[in-house]
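Colleague: got a structure for you, letters missing:
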RNA sequence: GCCGAUGUGGCGAAAUGGCAGACGCAACGGACUUAAAAUCCGUUGGGCUUUAAACGGCCCGUGCCGGUUCGAGUCCGGCCAUCGGCACCA
């Protein structure tokens, strides 16, 4: 026997409809002011995280989120929304360049090929993207504006008084370069010799590069930084209003890492006290602590090895040990620092400080468990109530003083929680919270402390020593950087044959001597921007992708990124689902953004940061870019393992579509389980869903003698009967609510129930089929389009394609039953069922239930203590 | 170590505090077929039990232990396991 017969001719109808959609540009959204734009329509912006087009092509994980958003997009269009549903390419970055170096092909060529491959794969799935809005971060017409935004950032500063980014011209100080949001700093960076570039903290995992897994070492270099830390507070606070998963908000909060506490000054003990030769009079060491209430327990100070005061306070005889320790620390890579973290190290400086609470002399130590980049780079050691200080003090035999009494029975030694202050004259007996407040006030009065907030977040290391990225619109002259004028954009990278990293830390662009030479005196910046730059604002460009006057037109931005107007013709059940947090009526920005958790702190934080800068400068209408965020879960292989080439369990969408069709692929992706959940792939499951779609086909189509499909003679233009109407309206209700709630798996289950109910009936009512096809359309757009067209050819009387239909409403009255079955429980266990009229009163229900012979038998000899009636559902008789 | 998510049949999963397991997969039985595939119909959480057979009846069951409630997969407290994130951030 030849090839197995296809259950329905998806291989013919899918390309047919994709061609029709493309030809008619059915999914192209108009902007305000364009042609037939209808201002009465509310907007809905539904966005996917655009992919990095790798050489491997799509795997089944990509289209999971894409299918979900496509269903929502198609549904919203039918609901009368003007829907923005775009797609594009995040195509700059390390992997393309690594691949290019390996194969000798220029990254622009591999990128072009990969984009073409990705695009054709996506088109095969039948997504309703508006391809006229396609963007590509490597296109000069795109990165011109990436560079333009950089100029805006460079030419701004953060005004702490207004708590906003402002043009640098409002800065009144004498050194604007010291406050710019983009600045140059000599910082210890993550240098990856193998990749020949520095990496952001976020791109280093366990001391290895995220891309490639190569070792990363610490090394000081001059780099471009973006002052994201200025926005730390707003980035945390403004999470509150966003409709994001709690876990993602928490991830961002933890990453930003806000801590409230105090900065306390410790005076360095004078010459007379220490007997040292050098004078150290007047030096103060400022420490940051979240537990000022433990000040009385502070028995030593620690400075980070890089702390600037180290040189000034270390005693002569300690110098050799100190120098050795500092060098050893500097040489440690991140990996070593992490690995060696169990054993504390440090050296005594020979100097002492005065504890402002106890007035006692305490030793000053230098240790690398204190980080120069956090707080003040110095801490007060409280061995009795901090784990790290506990270990350190134990190792170096420093004194312990207990100052917090736990409220439970636990011992005070080593207790790090909140309790009652002891051995602390000023605050004895106070709770931790009150003790903090009081001791800060006491120190403040004497000018020795002030309340302070610290963030873990560091400024964003923004330069890379690579070829395949956006060049900076900056030149250097006489050792100073200077921004180029907007009119010079885009700055296009020079065509380089040898774009390999130099290995010295000098960027490949430096090899293009002619390009680097900007003028007699000035030369170009040769670093490039990191991959995140392009993805920081792509959602804005989609709003107005062809605009060559502005990064996004004002009107387009206001419309697509503004408030989505209230939905139209809401039914009660939908209002309920709105209240329960559905995808309607959000206060602005992208209305639904779907993507993976892996971007929880990188892309999503950077994009919010850029958005806020542009908002502050008056270029955007809302302070937050993504109003609602949903993370799709990872799809595992059939073996329940993460999909990977090495495990050989990768599923390609192409193969699935080849065997079962795009509609089956889409529906299975959604039927697997809840969108947000991690779940394993199953080819058997795909088959099951394909069978469902084939049943839909055969509901309306039958094979004639010649083996050709033709419209089934069972389909007739008659009214559905009562039970059919009931299931039809129940299906409208369920599918509508489930799409709003993104519960696509249960929506499909309901459609299966619908089809099962119409299988093997004598006549198939036309109207029920038409309604059903509209419901099915967002999930299986090709199949439903084809059947819709077949019905139209036979019966006429319907305008246009299925994609132009409006979403059906349901009638609650049809769903009302005359009679309901009521479960009868005795002491919480179901013992009987009775059928009763829907209108029966509570007393009538009670009477009917108690009259049931079965119940009488069960309750005989007992007294009925209570009867609980749940209307239309259940009665519980409590007996003793 | 800290933070978070998850835990329900052989499997993927359903279930506003109200009949646990919808829907699908797999398995088994039947119809159609020369036969198979496909399709259609039916059974399917575990155990016990009544009966000639059937209808039935009873008990147990949502990771474990406890609590709240007439009633708990769902709410509360405590554990266990798996996955994910952070990890000297003072």
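Modeller: That came through fine. Quantities reported herein were computed from a predicted structural model and do not represent experimental measurements.

Colleague: rest of the way, CA atoms for contacts and neighbours
Modeller: OK.

Colleague: which positions in the stretch 151-300 of chain A make contact with RNA strand B?
Modeller: A:202, A:247, A:250-251, A:254-255, A:257-259, A:261, A:288-291 (Cα under 7 Å from any atom of the strand).

Colleague: could you single out the nearest of those to residue A:104?
Modeller: Using Cα to Cα, residue A:202 comes nearest to residue A:104 of those, at 28.9 Å.

Colleague: tell me the pLDDT of the closest one.
Modeller: Note on residue A:202: pLDDT of 68.

Colleague: ditto for residue A:579
Modeller: 38.

Colleague: tell me the phi and psi of the closest residue to residue A:258 other than its chain neighbours?
Modeller: Leaving aside its sequence neighbours, residue A:258 sits nearest to residue A:455 (Cα to Cα, 6 or more residues apart in numbering; 4.6 Å). Residue A:455 adopts backbone torsions of phi -120, psi 140, taken as degrees, to the nearest 10.

Colleague: my guess is residue A:455 contacts residue A:232. True?
Modeller: Yes. Counting by Cα atoms under 8 Å, residue A:455 does reach residue A:232; the two are 7.1 Å apart.

Colleague: mind checking which of these two has more residues around it?
Modeller: Neighbour count, other Cα atoms under 10 Å: between residue A:455 and residue A:232, residue A:232 has more, with 21 against 18.

Colleague: tell me the contacts of that one?
Modeller: Residues near residue A:232 by Cα atoms under 8 Å, 6 or more residues apart in numbering: A:256, A:455, A:457.

Colleague: ditto for residue A:694
Modeller: A:7, A:8.

Colleague: relative to residue A:701, how far out is it?
Modeller: Residue A:694 sits 10 Å away from residue A:701, going by Cα to Cα, to the nearest Å.

Colleague: check which helix or strand the residue in the stretch 551-700 of chain A that RNA strand B sits nearest to maps to.
Modeller: The stretch 551-700 of chain A approaches RNA strand B most closely through residue A:688 (3.6 Å), counting by Cα to the nearest atom of the strand. If you go by DSSP states H and E, residue A:688 is part of helix A:683-700.

Colleague: and for residue A:455 and residue A:232, which residues touch both?
Modeller: With Cα under 8 Å, 6+ apart, residue A:455 and residue A:232 have common neighbours residue A:256.

Colleague: can you tell me if stretch A:391-410 touches RNA strand B.
Modeller: No. Stretch A:391-410 stays clear of RNA strand B (Cα under 7 Å from any atom of the strand), getting no nearer than 8.4 Å.

Colleague: quick check: mean pLDDT of that stretch?
Modeller: Stretch A:391-410 comes out at a mean pLDDT of 90.

Colleague: so which residues make contact with it?
Modeller: A:294, A:296-300, A:344-345, A:382-385, A:411-413, A:415, A:417-424.

Colleague: and it, how far apart are its ends?
Modeller: From start residue to end residue, stretch A:391-410 stretches across 19 Å - Cα to Cα.

Colleague: possible to save the contacts of residue A:232 as JSON lines with pLDDT and distance to residue A:659?
Modeller: Below are those laid out as JSON lines (pLDDT from 0 to 100; distance: Cα to Cα, whole Å):
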{"residue": "A:256", "pLDDT": "95", "distance to residue A:659": "47"}
{"residue": "A:455", "pLDDT": "94", "distance to residue A:659": "53"}
{"residue": "A:457", "pLDDT": "93", "distance to residue A:659": "49"}
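
Colleague: which SS state does the residue lying closest to residue A:773 once chain neighbours are set aside fall under?
Modeller: Residue nearest to residue A:773 in three dimensions, not counting chain neighbours: residue A:784, with 5.3 Å by Cα to Cα, 6+ apart. Following DSSP: H, G, I helix; E, B strand; the rest coil, residue A:784 is assigned to helix.

Colleague: can you tell me if the helix or strand residue A:67 falls within touches RNA strand B.
Modeller: Using DSSP H and E, residue A:67 falls within helix A:62-78. No. Remark: helix A:62-78 sits outside contact range of RNA strand B, by Cα under 7 Å from any atom of the strand, the gap being at least 13.4 Å.

Colleague: which helices and strands does that helix pack with?
Modeller: Applying 3 or more Cα pairs under 8 Å, 6 or more residues apart in numbering; DSSP states H and E, we find helix A:62-78 packed against strand A:43-48, strand A:82-84, strand A:592-595, helix A:662-671, helix A:722-740.

Colleague: would a markdown table of those with mean neighbour count be doable?
Modeller: Below are those laid out as a markdown table (neighbours: other Cα atoms under 10 Å):
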| stretch | mean neighbour count |
| --- | --- |
| strand A:43-48 | 26 |
| strand A:82-84 | 26 |
| strand A:592-595 | 22 |
| helix A:662-671 | 26 |
| helix A:722-740 | 20 |
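
Colleague: for these, give me TSV that also has distance to residue A:94 and mean pLDDT.
Modeller: Shown next, in TSV, are the helices and strands packed on helix A:62-78 (distance: least, Cα to Cα, whole Å; pLDDT from 0 to 100):
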stretch	distance to residue A:94	mean pLDDT
strand A:43-48	22	96
strand A:82-84	30	96
strand A:592-595	21	96
helix A:662-671	30	97
helix A:722-740	38	95
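
Colleague: put together a markdown table for those, with distance to RNA strand B on each row.
Modeller: As requested, the helices and strands packed on helix A:62-78 are exported to a markdown table (distance: least, Cα to the nearest atom of the strand, whole Å):
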| stretch | distance to RNA strand B |
| --- | --- |
| strand A:43-48 | 20 |
| strand A:82-84 | 27 |
| strand A:592-595 | 14 |
| helix A:662-671 | 7 |
| helix A:722-740 | 9 |
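
Colleague: nearest to residue A:121, out of these?
Modeller: Going by Cα to Cα, the one of these nearest residue A:121 is helix A:662-671, 10.5 Å.
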